[in-house]
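Enquirer: Below are the sequence and a predicted model; questions follow.
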Amino acid sequence: MKVNIANLTRLTVLGNADSLSEQETSLAGIKHWRQRLGYCSILASVPALLTSQMPTAQADGTKKSETTVVELGAKRAHRLKMSSTPELLKRQSSFRLPHQVSGFNMLAMQVGNDDCPGRPIPGGNYTSLVPFVDSGDTTGANDTVTLVQSPFYFYYSYNAHGPDHIYSFTLTGRGSSPKIEVSTSSGTYKPMIYILQGTSGGGCPAGTGKEVSNDLVVNDSRWITGNSTATLGTFEINSLPLNVPLHLFIDSAEKDASSSGPYTIRMQDVTIAPTAGSNSIDSAEFFVRQHYLDFLNREPDTEGLSFWTNEITSCGFDQQCTDVKRINVSAAYFLSIEFQQTGYLVYRLYKASYGNLPNMPVPLKFSEFLPDTQKIGQDVIVNHSGWEQTLENNKQAFLLEFVQRPRFTEAYPTSLTPDQFVDRLFSNAGITPLFNDWTNAANEFNSALTTNDVAARARVLRDVAENPLLTQQEFNRAFVLMQYFGYLRRNPNDAPEPSLNFDGYNFWLTKLVQFNGNSQNAEMVKAFTRSAEYRRRFGP
């Protein structure tokens, strides 16, 4: 998958004399994410760790001698040592999702639609934890309806002289405590809400100054002294018909200081039908849940699903805001602690063990990546009780099994000496280790002359795979590969790739390098999540 972009300079994957080195590229991209989203964000957790591990890169991208790398040791005296798992997890555990450490007010104030049929409410199952939320301001809006007939007393009606906003939806289900609530931060605005049935009494009226009699429920915040929130509760919502068009009006009774102002609408414990021709992936909740399945290989935890869904829906109907939020949320899953310690670790284990696949720029296939990632990530939910120990147990068990696979034992026969074993791993990884890193790996064999100790083999492989130089070197490559594995669920050279080769993969890696590792500026995540191939997984 690739796109044509005018005036794009096609650099080699490793850059050239006029481009930044891969280390500089990775570092720049990581700093970008950290600066945009803050240290407490999931998007910042792994970049914050990796930034502290990265040595200063040479601008000309030339290979550093061992002496030069050693000289940088003082600058990295406090870097997190990836080969020390307990220390790594201790530091990583200090990074939390925002919803796990504090409350955030993420509602973006948006102007509503004041003409029928109004804004469509996206389809979805809205709960108390993941409600539909939108904001607006009726100031200056049209006065579509001026008089509302009482739904209970034919001889009584309600004034509705204020400017109004309109939301349209089709109700298909209700929970035990359904509610629609419209509140305001204004000290004077007194919102009034009512719902019209779209299939009777003229539906949603066009124009202004209309009198309506097809209203089903009404609530005025003025009915309770000192109140400024209009609420349709269980009784009112249960009286609404299912599977017919409905129109919610946010209005006010009088045309005075209390007639208009900012508002926030919250709808919960209801199921809304998707609009015609919609795709399930356009639903914020569905989009978030699918990312848990595709990148973390599990159902979402309640807190995470709620937080990331609200992060997207906080934009209301501001499409530009929503697009940016979806891209940032999507990138969060690759950059999260959970994925970096499961999926990205599997990637590095294959890279250290075997290098790249023959005549390919990647170390493993999707069919290898998926089951191995699932094994390491089994029952791991970051921030849940005991997650660090569960992850550690999974890693140890997986590595013991991995080094006993026929492919590994053929590549690393027990006739190899410890020095040869370590050298071969670092050579396949494509990095020149620091002297201490090499020594620590070789010492895993405890001065033995052979390499038939299975546990020692597993420890050495882990030392190499968790080496910060390898983590840094492969970061951009893995980021691109996971676009194919995560979104498209295939290898980069599989159909429907036009040429059945790695042109698309190389295109996006080149572009990511060109934009200094900034995937948002490179528009990589945006391109994959909007691609027809990705969207066809979930609908039209």
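Expert: Cool, got the structure.
Enquirer: quick one: contacts of stretch 286-294?
Expert: 124, 280-281, 298-300, 304-305, 308-309, 312, 326, 329-330, 333, 486-487, 489, 538 (Cβ atoms under 8 Å, 6 or more residues apart in numbering). From N, CA and C alone the C-beta is placed, and that goes for glycine too.
Enquirer: Sketch out the low-pLDDT regions of the stretch 351-500 of the chain for me.
Expert: Within the stretch 351-500 of the chain, no range satisfies pLDDT under 70.
Enquirer: Relative to the strand ranked longest in the chain, what are the paired strands and their orientations?
Expert: For the chain, the longest strand by residue count, based on DSSP state E, is strand 165-183. Strand 165-183 sits in its sheet next to strand 119-120 (parallel), strand 230-232 (antiparallel), strand 245-251 (antiparallel), strand 262-272 (antiparallel), going by DSSP bridges.
Enquirer: where do the helices sit along the stretch 301-450 of the chain?
Expert: Using DSSP state H, counting those that start in this stretch, the helices of the stretch 301-450 of the chain run over 302-313, 319-335, 337-340, 343-354, 366-376, 387-402, 406-411, 418-429, 435-442.
Enquirer: can you give me how far the third one is from the chain middle?
Expert: It refers to helix 337-340. Per Cα atoms, centre = their mean, to the nearest Å, the displacement of helix 337-340 from the mean C-alpha position of its chain is 12 Å.
Enquirer: Then the longest one?
Expert: Taking Cα atoms, centre = their mean, the mean C-alpha location of helix 319-335 is offset from the chain mean by 6 Å.
Enquirer: Counting by contacts, list what it packs against.
Expert: helix 22-37, helix 42-53, helix 284-291, helix 302-313, helix 519-522, helix 524-530 (3 or more Cβ pairs under 8 Å, 6 or more residues apart in numbering; DSSP states H and E).
Enquirer: same deal with the third one?
Expert: Using 3+ Cβ pairs under 8 Å, 6+ apart as the contact criterion, the elements in contact with helix 337-340 are helix 42-53.
Enquirer: and the protein, what are its domains?
Expert: If you go by automatic domain parsing, the domain ranges for the chain are 119-278, 341-473.
Enquirer: can you list the ones you listed in CSV and add distance to residue 515 and mean neighbour count?
Expert: Shown next, in CSV, are those (distance: least, Cβ to Cβ, whole Å; neighbours: other Cβ atoms under 10 Å):
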stretch, distance to residue 515, mean neighbour count
domain 119-278, 31, 18
domain 341-473, 18, 18
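Enquirer: In JSON lines, list those domains along with distance to residue 479.
Expert: Below are those laid out as JSON lines (distance: least, Cβ to Cβ, whole Å):
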{"stretch": "domain 119-278", "distance to residue 479": "28"}
{"stretch": "domain 341-473", "distance to residue 479": "9"}
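Enquirer: who wins for proximity to residue 508 among those?
Expert: Closest approach to residue 508 among the domains of the chain is made by domain 341-473 (11.6 Å; Cβ to Cβ).
Enquirer: Next, count neighbours for the closest residue to residue 321 other than its chain neighbours.
Expert: Closest residue in space to residue 321, ignoring its immediate chain neighbours: residue 315 at 3.6 Å, by Cβ to Cβ, 6 or more residues apart in numbering. Close neighbours of residue 315, defined as other Cβ atoms under 10 Å, add up to 23.
Enquirer: same check, this time on the one 4 residues further on
Expert: Neighbouring residues of residue 319 were enumerated by other Cβ under 10 Å; the total is 9.
Enquirer: The one 5 residues further on now?
Expert: The local packing of residue 324 (other Cβ under 10 Å) involves 15 other residues.
Enquirer: Please identify the helix or strand for residue 274.
Expert: If you go by DSSP states H and E, residue 274 is not part of any helix or strand.
Enquirer: Tell me how far it lies from residue 172.
Expert: The spacing between residue 274 and residue 172, counted by Cβ to Cβ, to the nearest Å, is 9 Å.
Enquirer: which ones are touching the closest residue to residue 446 other than its chain neighbours?
Expert: Leaving aside its chain neighbours, residue 446 sits nearest to residue 456 (7.2 Å; criterion: Cβ to Cβ, 6+ apart). Residue 456 is in contact with 444-446, 448, counting by Cβ under 8 Å, 6+ apart.
Enquirer: What of residue 120?
Expert: Going by Cβ under 8 Å, 6+ apart, residue 120 touches 167-169, 275.
Enquirer: out of these, which one sits closest to residue 229?
Expert: residue 167 (16.7 Å).
Enquirer: right, and that closest one touches residue 247 too?
Expert: Yes - between residue 167 and residue 247 there is a contact at 7.3 Å, judged by Cβ atoms under 8 Å.
Enquirer: Thanks again, I'm all set now.
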